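Participant: below are the sequence and a predicted model; questions follow.
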Amino acid sequence: MKITGFSVEQLIDPTGILTGERFEFFLDIEVDEDDELYSENGVQLRVLYYNDEEQSKILNYHFLVNVSNEILNFELDDDEERIVTHFCKEHLSDAEEKNEEQA
């Protein structure tokens, strides 16, 4: 699995009840043709990511077929989860900059 592109948006809690920040990542991923996850239309990984002063982590994720948004029932292995977690953590500033521009 190789991450080839992404988009990210910070999710705002209008109630202020939830602690920390939440981000929604859409990761474009490249998958080998012989992999079960492969789709002719391409595959994305939708990741809900949590960040606060004490921790950062993946809350939830789904593999999606690009065109149809069909959810694929697969899980990340431990190495892939570490790669995705690191990628998301490294790109939090992209969402924060986007929010500042919109404000």
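Facilitator: Good, I have the coordinates.

Participant: shaky segments in the chain?
Facilitator: Scanning the chain with the threshold set as pLDDT under 70 gives 96-103.

Participant: what's the burial count for residue 53?
Facilitator: Residue 53 has 7 neighbours, counted by other C-beta atoms under 10 Å. Placement of C-beta: from N, CA and C, glycine included.

Participant: just to be sure, it is in a helix?
Facilitator: No: secondary structure assignment (DSSP: H, G, I helix; E, B strand; the rest coil) places residue 53 in coil, not in a helix.

Participant: ok, the residue nearest to residue 23 when sequence neighbours are not counted - contacts?
Facilitator: Excluding the flanking residues, the one nearest residue 23 by C-beta to C-beta, 6 or more residues apart in numbering is residue 49, at 4.5 Å. Contacts for residue 49 (C-beta atoms under 8 Å, 6 or more residues apart in numbering) come out as 22-25, 56-59, 88-89, 92.

Participant: element containing residue 49, please.
Facilitator: Here residue 49, judged by DSSP states H and E, is contained in strand 43-51.

Participant: for that strand, C-alpha coordinates in CSV please.
Facilitator: Extracted in CSV, the C-alpha atoms of strand 43-51 (Å, rounded to 0.1, in the frame of the first residue of the first chain):
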residue,chain,number,x,y,z
VAL,A,43,-9.1,2.9,-3.7
GLN,A,44,-9.2,5.5,-1.0
LEU,A,45,-8.8,5.2,2.8
ARG,A,46,-11.1,7.5,4.8
VAL,A,47,-9.5,8.1,8.2
LEU,A,48,-11.0,9.8,11.3
TYR,A,49,-8.0,11.0,13.3
TYR,A,50,-7.9,12.4,16.8
ASN,A,51,-5.3,14.8,18.2
